[in-house]
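# sequence and predicted structure are below.
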Amino acid sequence: MKLTSILRLAAGIAFAGLLTISARAEDPLVIHVGYAAIGVDNRPFSEGTSAATARAGEFLEKEFANDPNVKIEWTFFKGAGPAVNEGFANDQLDFAYQGDLPSLIGRATGLKTKYLLASGARKPLYLAVAKDSGIQKIEDLKGRKIALQRGTNGHLAAIKILEAHGLKERDVQVVNLDSAATVAALTSKDIDAAFGDTQLINLAAKGSADVIYTTKGDDPRFGRNAGIIGRQAFIDAHPEITQRVVDAFVKAAQWSSDEPNRAALFELWHKSGTPVPILEEYFSKDTLAYRNSPLIDDLLTSQYAEQAVKSKEFELVRRDIDLQGWFEPKYLNSALQRLGLQKFWQPYGADGKPAAS
């Protein structure tokens, strides 16, 4: 082969290589975001959290609107928190809204994640009973058929409530059902009672069940917590993108916390199919800022620490859960500082009382 031919061939290979590199550089980065719930009739929306606001209000999409090579892809999981863990385990998710128990189980099983900010913290739990069930108080649940969704933050909260009233999980007949199946079973009286939230308020409003208990106004340790969890490998590879994702969630939390937005907020969450009056009841007597705070404060971290201990005590996990290094507040703190929100939310101490900010 002549020297000129060799040079042309080499030049062609080099040019093709440059094209390949350029094409790779222009490949879009898809940010996979999960949500450990799903709307009515499988709508790709939810309610009750700033993460739900971020989805319905397209806060992440707006954050990256001028970045054509960055795409946001949401996935809502009927299987709730346990399904989110599967997504993280298979590297199919980069970030997700997830409740305390499943995220702790993920931590116990070795998932490499970070807790980035709170979303849906301090959520109340409700207990509804079938019509004519004869159940008037929690103690009456002994031996009865109770629905809850195993592996979710509602599962752990329900066990703690039972324990506080002299019952253990084995004292009731637990039926593992998701929200839609719970509504159907309670309506048909195939079960005697169920733990849940807005779907039970809605059922009671229709006269198809009776709510006999809520954690609202009770011991705050009976409530549920949740947050935005990030896959550590993605965070390490894309710290600047991670910061912008957190920025978007913080902006959603701010908008969700402003009382003048209350009516608009409930209308936005109505995309999930949950009626506005039910959301009004769900948030009655609570300030929006209290329920939508993104802060990783002492109340939140102490609650997660207690949940970790209780998870093993109740045999929901087999090993101790090490929370050292799991909470990663630097992205949240940076967002709060740059957005001028350092004093916007009230931090709470481990005792549930307001702490000095």
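Cool, got the structure.
# state the distance from K285 to E47.
18 Å (Cβ to Cβ, to the nearest Å). Every C-beta, even on glycine, is put in place using the N, C-alpha and C of the backbone.
# let me redo that: T187
Per Cβ to Cβ, T187 is found 21 Å from E47.
# who's more crowded, these two?
E47 (26 against 15; other Cβ atoms under 10 Å).
# pretty sure that one sits in a strand.
No: according to DSSP: H, G, I helix; E, B strand; the rest coil, E47 belongs to no strand; its state is coil.
# could I get the contacting residues of it?
By Cβ atoms under 8 Å, 6 or more residues apart in numbering, the contact list for E47 reads G39, T198, W269, H270, S272, T274, L279.
# now D178
Counting by Cβ under 8 Å, 6+ apart, D178 makes contact with K78, G79, A80, Q149.
# out of these, which sit inside strands?
Within the contacts of D178, no residue falls in strands by DSSP state E.
# nearest to Y35, of these?
A80 (9.4 Å; Cβ to Cβ).
# quick check: domain ranges of this protein?
For the chain, the structural domains run 29-121+225-338, 126-219, going by automatic domain parsing.
# now do the longest one: distance from first to last residue.
In this case it means domain 29-121+225-338. Distance across domain 29-121+225-338, first residue to last, is 25 Å (Cα to Cα, to the nearest Å).
# from the middle of its chain, how far away would that domain be?
Relative to the chain's own centre, domain 29-121+225-338 is displaced by 4 Å; criterion: Cα atoms, centre = their mean, to the nearest Å.
# average pLDDT for that domain?
Mean per-residue pLDDT for domain 29-121+225-338: 96.
# also the last one?
Averaged across domain 126-219, the pLDDT comes to 94.
# how long is it end to end?
End-to-end distance for domain 126-219: 14 Å, by Cα to Cα.
# show me where the protein has strands.
Under DSSP E, the chain gives strands at 29-35, 70-76, 95-99, 113-118, 126-130, 145-148, 173-176, 193-196, 209-214, 226-231.
# can you give me the end-to-end distance of stretch 310-321?
Length of stretch 310-321, first residue to last, Cα to Cα: 10 Å.
# please begin residue numbering at 17 from this point
Sounds good: first residue 17 from here, last item stretch 326-337.
# flag every buried residue along it.
By neighbour count with 16 or more other Cβ atoms under 10 Å, stretch 326-337 contains the buried residues K326, S327, F330, L332, V333, I337.
# what's the most distant pair in the residues you listed?
Using Cβ to Cβ, the pair of these lying farthest apart is F330 and I337, separated by 12.6 Å.
# now V190: closest residue in space, sequence neighbours ignored.
The shortest distance from V190 to any non-neighbouring residue, by Cβ to Cβ, 6 or more residues apart in numbering, is to I162 (5.8 Å).
# tell me the bridge partners for the one you found.
V190, A209 (DSSP bridges).
# what sits against it?
Neighbours of I162 in contact, by Cβ under 8 Å, 6+ apart: A174, V188, Q189, V190, V191, I207, D208, A209, A210, F211.
# kindly report the same for P118.
So P118 contacts A52, A96, G97, P98, V100, N101, G167, T168, N169 (Cβ under 8 Å, 6+ apart).
# one more pass at 6 Å, please.
Going by Cβ atoms under 6 Å, 6 or more residues apart in numbering, P118 touches G97, P98, N101, G167.
# distance of the nearest residue to the second one once chain neighbours are set aside relative to S350?
If the residues on either side of it in the chain are set aside, P98 comes closest to G167, at 4.2 Å by Cβ to Cβ, 6+ apart. Taking Cβ to Cβ as the measure, G167 and S350 are separated by 33 Å.
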